[in-house]
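Chemist: here is a sequence with its predicted model. Questions after.
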Amino acid sequence: MARIFLSCLLLLLSAAFLPAEEYVPIYDEKEVPEYTLPDPLVFENGEKVETAADWWKRRAELLRLFSHHVYGKTLQGTPEGMHFESTKKLDSFLGGKATLEEIRIHFSEGSDGPFLDLLLIKPKEVPEAGVPTFVALNFRGNHSIHPSPEIALNQNWVSESSSDRKAGVVVEHKATEKARGFRSSRWPVEMIIDSGAALATFYYGDVDPDFHDEFKNGVHEPFGVPGKGDWGSIGAWAWATSRVRDFLESDEQVDQGRVAVFGHSRLGKTALWAGAQDDRFALTISNNSGCGGAALSRRRFGERVSRINNSFPHWFCENFRQYNENESSLPVDQHQLIALIAPRRVYVASAEGDEWADPRGEFLSVKHASPVFELLGKAGIAAESLPGLHEPVGGEVRYHIRAGKHDVTDYDWEQYLKAIHSLP
Ligand code: GTR
């Protein structure tokens, strides 16, 4: 009797401590549900897009749909009073082959409002046309991309570690000297400079710290706390890349026709949304962006809409939550986000060991975006199935899958450098 009582008690206790709903990802192609993708070349009212002129109308419709259902409405344009403060200028960096500048972009008048700190590293030798430039969001502060003591330590909150982030713990942490160059493996600065390109990078947490606080910090409060259909954090981070683009417009050393936006993972989602909205980006690069980025939501492979909304309630707009375990009702899917960038160049990269981000779903997205590129006279993806490792495919919309895990590697950057340097 006592034994039965004890086992009942244990059962009850274990049930009490089990997470309410355990998330079970799909990692088997056989479990991927049948789905029909919304056609980028068919209007909501069923009419077909036949010409490039029709496409621009359809594009406006899709942009509205993504704003309303996925990322939220973005604050439009350059805010009043935005100004740039140069905080450092070095004529010689990387042994004399580069220059370094630090610029504080104040989003409003005065210096008490929100700002981001931009780190701009350019080759010393600049041709008349200027240099192609990557606008790149970083995860850990500008000081984390290279060990140089010349780079200012970020003074904003930096999350302690990814395990803290997973556990949802917010750690007040000021960057220390130890953090210099901590992420340099993902940032081959010399390789970028040696190729003749420039890097303009900023810490995404300057714009909106990456935790859910009902939008009390970052740019949301001063520019309007989100209501149901308004921008979440991805919307804010993407908006900030456009403010960096504003700054670059005044830099004569930048080749204005060859500016890219780059991001990895959640910042890859951000780069895609930025590239879709701002046509001053001639190239958009999504590195391992997965769910809510390049991967098709309807495949439900790896991370799904419900999981991302539950883990990161601040990333998307509130409307997106309606599609938790209900992806087939979404009026859009992510191939249409890529199509929004056409005819400008897009590069989507996956990693074999990054199943959570659904490499096949990322490939299918670029594949199904291709008809839009083709309508606009650009080459899409001809390959019918996922290419082999390290075999980039495509024309104006490109894709590769490499060996290894969720990360940014030199192999990835080699492809991005080819993509930026071959821009017309
Ligand atoms: C994961 C998240 C992914 C991806 C990644 C990252 O926890 O589930 O969607 O964005 O974080 O940004 O590193």
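Modeler: Here it is on my side, so go on.

Chemist: hmm, residue 400 and residue 386 touching each other?
Modeler: No. Judged on CB atoms under 8 Å, residue 386 makes no contact with residue 400 at a distance of 10.5 Å. Quick note: C-beta positions are derived from backbone N, CA and C, even for glycine.

Chemist: the two: who's more crowded?
Modeler: More crowded of residue 386 and residue 400, by other CB atoms under 10 Å: residue 400, with 21 against 17.

Chemist: quick one: contacts for the residue lying closest to the more buried one once chain neighbours are set aside?
Modeler: Once flanking residues are discounted, residue 400 sits nearest to residue 392: 4.1 Å by CB to CB, 6 or more residues apart in numbering. Residues in contact with residue 392 (CB atoms under 8 Å, 6 or more residues apart in numbering) are 398, 399, 400, 415.

Chemist: quick check, nearest of those to residue 115?
Modeler: Using CB to CB, residue 415 comes nearest to residue 115 of these, at 32.8 Å.

Chemist: part of a helix, is the closest one?
Modeler: Yes. Checked against DSSP: H, G, I helix; E, B strand; the rest coil, residue 415 lies within a helix.

Chemist: next, count neighbours for it.
Modeler: Residue 415 has 19 nearby residues by other CB under 10 Å.

Chemist: again, but for residue 228
Modeler: The burial count for residue 228: 10, using other CB under 10 Å.

Chemist: that one and residue 321 touch, don't they?
Modeler: No. With contact defined as CB under 8 Å, residue 228 does not count as touching residue 321 (9.9 Å).

Chemist: residue ranges with poor pLDDT in the protein?
Modeler: 1-20, 157-173 (pLDDT under 70).

Chemist: sitting in helices, which of the contacts of residue 392 do you find?
Modeler: Among the contacts of residue 392, DSSP state H puts residue 415 in helices.

Chemist: let me know the closest of the contacts of residue 392 to residue 315.
Modeler: residue 399 (23.8 Å).

Chemist: would you list the contacts of residue 392 in JSON lines and tack on distance to the ligand?
Modeler: JSON lines is the format used below for the contacts of residue 392 (distance: CB to the nearest ligand atom, whole Å):
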{"residue": "398", "distance to the ligand": "21"}
{"residue": "399", "distance to the ligand": "19"}
{"residue": "400", "distance to the ligand": "19"}
{"residue": "415", "distance to the ligand": "20"}
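
Chemist: from residue 283, how far off is the residue nearest to residue 400?
Modeler: 14 Å (CB to CB, to the nearest Å).

Chemist: for the protein, which segments count as strands?
Modeler: 83-93, 98-106, 115-123, 131-138, 198-203, 254-264, 283-287, 345-351, 393-394, 397-402 (DSSP state E).

Chemist: and among those, the most buried is which?
Modeler: strand 283-287 (a mean of 29; mean count of other CB atoms under 10 Å).

Chemist: any idea of the angle that one forms with strand 131-138?
Modeler: For strand 283-287 against strand 131-138, the angle by axes from the mean of the first three to the mean of the last three CA atoms, to 10 degrees is 30 degrees.

Chemist: from the contact counts, what lies against strand 283-287?
Modeler: strand 254-264, helix 266-277, strand 345-351, helix 410-421 (3 or more CB pairs under 8 Å, 6 or more residues apart in numbering; DSSP states H and E).

Chemist: is that strand positioned near the ligand?
Modeler: No. Strand 283-287 is not in contact with the ligand by CB under 6 Å from any ligand atom; minimum separation 10.3 Å.

Chemist: and if you look at stretch 318-327?
Modeler: No. Stretch 318-327 stays clear of the ligand (CB under 6 Å from any ligand atom), getting no nearer than 13.2 Å.

Chemist: around residue 42, how many other residues sit close by?
Modeler: Neighbours around residue 42, by other CB under 10 Å: 12.

Chemist: what's the burial count for the closest residue to it other than its chain neighbours?
Modeler: The shortest distance from residue 42 to any residue other than its chain neighbours is 5.7 Å, reached at residue 48 (CB to CB, 6+ apart). Using other CB under 10 Å, the number of residues around residue 48 comes to 10.

Chemist: quick one: contacts for residue 48?
Modeler: Each residue near residue 48 by CB under 8 Å, 6+ apart is listed here: 41, 42, 54.

Chemist: just checking, the second one touches residue 54?
Modeler: No. Applying CB under 8 Å, one finds residue 42 not in contact with residue 54, separated by 10.3 Å.

Chemist: one step back: among the helices and strands packed on strand 283-287, which comes closest to residue 381?
Modeler: When the helices and strands packed on strand 283-287 are compared by CB to CB, strand 345-351 sits nearest residue 381, at 9.7 Å.

Chemist: show residues contacting the closest one.
Modeler: The contact list for strand 345-351, computed with CB under 8 Å, 6+ apart, reads 272, 275, 282-289, 294, 338, 357, 359, 362-363, 365-366, 369, 396-407, 412, 415-416, 419, 423.

Chemist: so how far is stretch 286-305 off the chain centroid?
Modeler: Distance of stretch 286-305 from the chain centroid (CA atoms, centre = their mean, to the nearest Å) equals 12 Å.

Chemist: which residue is the nearest non-sequential neighbour of residue 44?
Modeler: Among residues not flanking residue 44 along the chain, residue 61 sits closest, at 6.2 Å (CB to CB, 6+ apart).

Chemist: count the neighbours of the one you found for me.
Modeler: 13.

Chemist: picking up where we left off before, any chance of the helices and strands packed on strand 283-287 in CSV, plus distance to residue 326?
Modeler: Putting those into CSV (distance: least, CB to CB, whole Å) gives the following:
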stretch, distance to residue 326
strand 254-264, 27
helix 266-277, 20
strand 345-351, 25
helix 410-421, 33
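
Chemist: and the closest residue to residue 325 other than its chain neighbours, what is it in contact with?
Modeler: Distances taken as CB to CB, 6+ apart put residue 306 closest to residue 325, at 5.0 Å, once the chain neighbours are dropped. The contact partners of residue 306, by CB under 8 Å, 6+ apart, come to 23, 324, 325.

Chemist: on that earlier part again, out of the strands of the chain, flag the one nearest residue 244.
Modeler: Per CB to CB, nearest to residue 244 of the strands of the chain: strand 131-138, 5.0 Å.

Chemist: contact partners of that closest one?
Modeler: By CB under 8 Å, 6+ apart, strand 131-138 touches 122-123, 144-145, 183, 187, 192, 196-204, 237, 240-241, 244-245, 248, 253-255, 258-263, 267, 270-271, 281, 285, 416, 420-421, 423.

Chemist: okay, the angle between it and strand 115-123?
Modeler: Counting by the same axes, to 10 degrees, strand 131-138 lies at 140 degrees to strand 115-123.
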